[in-house]
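# Just to be clear, the model below is a prediction. Sequence and coordinates:
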Amino acid sequence: NAGVTQTPKFQVLKTGQSMTLQCAQDMNHEYMSWYRQDPGMGLRLIHYSVGAGITDQGEVPNGYNVSRSTTEDFPLRLLSAAPSQTSVYFCASKTTPDGNQPQHFGDGTRLSIL
Amino acid sequence: AQSVSQHNHHVILSEAASLELGCNYSYGGTVNLFWYVQYPGQHLQLLLKYFSGDPLVKGIKGFEAEFIKSKFSFNLRKPSVQWSDTAEYFCAVNKAGSSNTGKLIFGQGTTLQVKP
């Protein structure tokens, strides 16, 4: 079982560049989400999706776009990278949006913006 | 708005010492509560969860947590820590109920360092 797979694991960008962080899950989970992890701030929700074709904003959506064209994939796009977006990004999924389902996390993408 | 507060940011213990990590949340309704652990260089893993029923829940690796509704708390405990428990621990909360979209609110995290 691959679970939740994130690529790349590491990336360095220059300010203003764009890139897409990939996330794929093979568990047929309806719910997927993106978090960023910053020291002393825990994990903060960027965007989430309750199913293919449906996305919504989390706590810190500015500067990020998402789409959910398939159940398996939930890419996160940075349109114009800024140093404030230097962080570790985690993708997570769970069976359904129900609150009592635990989330499964990917291994993370460590992103540095110069 | 919901928030989660973990009071201990960095805890250092010797092996075999007892552990208690505090977690308080601010939300007046029914909640689901989680503790996640992140070992160095790894992704978050679920330690335990509370949805309803017995407020004392047991998780993996000897961890347990007690939900005290009157105190809005969900503290994590372990009677005797091991060096391998060195990790970062996150408390997380979401709203219960059919309208819930599963959004988790995380605390700031507590770094636990266990000295051999």
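In hand now; what should we look at?
# Tell me where chain B has helices.
In chain B, no segments count as helices under DSSP state H.
# Any stretches of chain B with poor pLDDT?
In the predicted model, chain B carries pLDDT under 70 at residues B:97-102.
# what does it have sitting close to chain A?
Within reach of chain A by CB under 8 Å from any CB of the partner chain, chain B has these residues: B:4, B:6, B:9, B:32, B:34, B:36, B:42-46, B:49, B:51, B:90, B:92, B:94-97, B:100-109. For every residue, glycine as well, the C-beta is placed using N, CA and C.
# Quick check: ChimeraX command selecting the buried ones in those.
Restricted to buried positions by 16 or more other CB atoms under 10 Å in any protein chain shown, the ChimeraX selection for these reads:
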select /B:4,6,32,34,36,43,44,46,49,51,90,92,94,95,96,100,101,102,103,104,105,106,107,108,109
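# Grab the nearest non-local neighbour of the residue nearest the centre of chain B.
Nearest residue to the geometric centre of chain B (CA atoms, centre = their mean): B:Trp35, 3.3 Å. Spatial nearest neighbour of B:Trp35, chain neighbours left out: B:Leu47 (4.3 Å); criterion: CB to CB, 6 or more residues apart in numbering or on different chains.
# need the contact list for that neighbour.
By CB atoms under 8 Å, 6 or more residues apart in numbering or on different chains, the contact set of B:Leu47 is B:34-37, B:59-61, B:63, B:76, B:89.
# again, but for B:Thr111
Counting by CB under 8 Å, 6+ apart, B:Thr111 makes contact with B:9-11, B:87-89.
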